[in-house]
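Q: Okay, predicted coordinates and the sequence, questions at the end:
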Amino acid sequence: MVSTLSSGGACVSLAALIFDVDGTLADTEEVHRAAFNLAFAERGHDWRWSAADYRELLLVAGGKERIRAFWRASDPAAAAAADAEAEIHALHATKTRHYERLLADGGVPLRPGVRRLIEAARTEGLPVAIATTTTP
């Protein structure tokens, strides 16, 4: 099915409306940063990512990859240790648990206009989906 949505006088023909999650549906990046910092503290690391640090780390795609890049830059010897990969995975799992709790607490509203756009797409029978690399 192809639908036409009108916005600001322009019409666009669409077969589906597919969103990314982070930064698109909601401003979730600050919640990710908070969850990383909670995970670091819980697992005994003295790391703390500031908003500026995290903006730079967003150039690295993927949470485990961000942890790895940060660790390699801040302590290459420890990042190369035999158990480093296991710790990266454990940190990420801990971060995901914190992230899910923060989201469940309702602190991340949709961006302005997102609900209206989704409702308009559904009214038109347009499939709405999410495509993301975020942990399910």
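A: Yep, that arrived.

Q: where does this protein dip in pLDDT?
A: 1-10, 134-136 (pLDDT under 70).

Q: what pairs with the helix or strand residue 13 falls within, and is each one parallel or antiparallel?
A: Using DSSP states H and E, residue 13 falls within strand 10-14. In the sheet, strand 10-14 lines up against strand 3-7 (antiparallel) (DSSP bridges).

Q: How about the residue positioned nearest the centre of the chain: which residues does it bridge to?
A: For the chain, residue 22 is the residue whose C-alpha lies nearest the centre (CA atoms, centre = their mean; 4.1 Å). Note on residue 22: beta-bridge partners residue 26, judged by DSSP bridges.

Q: Quick check: it vs residue 51, distance?
A: Counting by CB to CB, to the nearest Å, the gap from residue 22 to residue 51 is 15 Å. Glycine gets a C-beta too; all of them are placed from N, C-alpha and C.

Q: Repeat that for residue 32.
A: Counting by CB to CB - residue 32 and residue 51 are separated by 11 Å.

Q: which of those two has more neighbours?
A: More neighbours surround residue 32 than the other of residue 32 and residue 51, with 23 against 9 (other CB atoms under 10 Å).
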